[in-house]
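Trainee: Got a sequence here, can you model it:
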Amino acid sequence: MNQLTQPPAATSAYRYHKFTNTGVGIDILITNYHDVGCSLKLKQQKAFTLIELIITITIIAIIITVATPYVLTQMAAMEAKRIRYDISNTLSIAKAESLIHRQNLIVCLSDDNSTCNKNSNSALLLFADNNDNKSFDAGVDLLLTVQRLDPKYATLHLRASAGRHHIKFFGDTGTPRGHFGHIKYCPNTSYNTNKYQVSFNNIGIIRYKPNSSHPTDCD
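Mentor: Below is the predicted model of the structure:
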């Protein structure tokens, strides 16, 4: 004869007694208790995992919020330094090459790698202006170097005497006589505090002038 009884309300298992073999009933009851315990533990694990995920996302968001201004400031500083050296190196190359080859050379800012514009930002061109039209013409003029500037945190401005859009280095002396001036780096975002000029005078002396020692009038 078999008998079916219900254990305490704490579980949903049933004790199944078989008078010929009580061991079977005990095994079934124990298994039922174990299943209930695993189910509760699994639910707790899932709940803790969700809470941990929310906390982790919150911490990451806070870190990003705090770190972003610092990261942008450092990136702007690196950009300002890179462009400063690109401008200085291009002017130095123009001075040396014009004298070595006894050839007039043009340096200018350009957005299309052809037209010289004193307010361009994309590139700094150095070329031999064979047709003397103050622009680079592929197939006619000789391009010596092109520096990709593309500032993200500033704008560039060339100021040359007589309002010119270019700087001319003369092959007989290697100097930009009559074309003195500067290229100015002006920030366009609050994360960038770098302001400076890279100047060149009549005898070809190139100087870096930070805003702290020589006002750039960027504002």
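
Trainee: going forward, measure contacts and count neighbours with C-alpha atoms only.
Mentor: Will do.

Trainee: check which helix or strand covers the residue nearest the centre of the chain.
Mentor: The centre of the chain sits closest to Met75, judged by C-alpha atoms, centre = their mean, with a distance of 6.0 Å. If you go by DSSP states H and E, Met75 is part of helix 22-100.

Trainee: What pairs with the following helix or strand past that helix, parallel or antiparallel?
Mentor: Downstream of helix 22-100, the next assigned helix or strand under DSSP H and E is strand 105-110. Sheet pairing of strand 105-110 (DSSP bridges) gives strand 123-128 (antiparallel), strand 167-169 (antiparallel).

Trainee: What are the contacting residues of the first one?
Mentor: What that stands for is strand 123-128. Strand 123-128 has contacts (C-alpha atoms under 8 Å, 6 or more residues apart in numbering) with 87, 90, 94, 103-111, 113, 136, 141-150.

Trainee: again, but for stretch 172-181
Mentor: Taking C-alpha under 8 Å, 6+ apart as the rule, stretch 172-181 contacts 94-99, 102-103, 158-162, 164, 167-170, 199-204.

Trainee: Pull out the buried members of the residues you listed.
Mentor: 94-99, 103, 158-160, 164, 167-170, 199-201, 203-204 (16 or more other C-alpha atoms under 10 Å).

Trainee: Isn't Val107 up against Ile167?
Mentor: Yes. Between Val107 and Ile167 there is a contact at 5.1 Å, judged by C-alpha atoms under 8 Å.

Trainee: anything in contact with each of those two?
Mentor: In terms of C-alpha under 8 Å, 6+ apart, Val107 and Ile167 are not both contacted by any residue.

Trainee: ok, Tyr153 - contacts?
Mentor: Neighbours of Tyr153 in contact, by C-alpha under 8 Å, 6+ apart: 76, 79, 187-189, 191-192.

Trainee: By pLDDT, rank the residues you listed and give me the bottom one.
Mentor: Lowest model confidence among the contacts of Tyr153 falls on Tyr191, which carries 89.

Trainee: isn't that residue right up against Leu72?
Mentor: Yes. Here Tyr191 reaches Leu72: they are 6.2 Å apart, a contact under C-alpha under 8 Å.

Trainee: and the gap between Glu52 and Gly139?
Mentor: Distance of Glu52 to Gly139, computed by C-alpha to C-alpha, to the nearest Å: 64 Å.

Trainee: before we move on, what about Phe170?
Mentor: As judged by C-alpha to C-alpha, Phe170 and Gly139 stand 22 Å apart.

Trainee: How about Ala160?
Mentor: 27 Å.

Trainee: same deal with Ile167?
Mentor: For Ile167, the distance to Gly139 - C-alpha to C-alpha - is 21 Å.

Trainee: do Asn211 as well
Mentor: 40 Å.

Trainee: and if you look at Val146?
Mentor: 16 Å.
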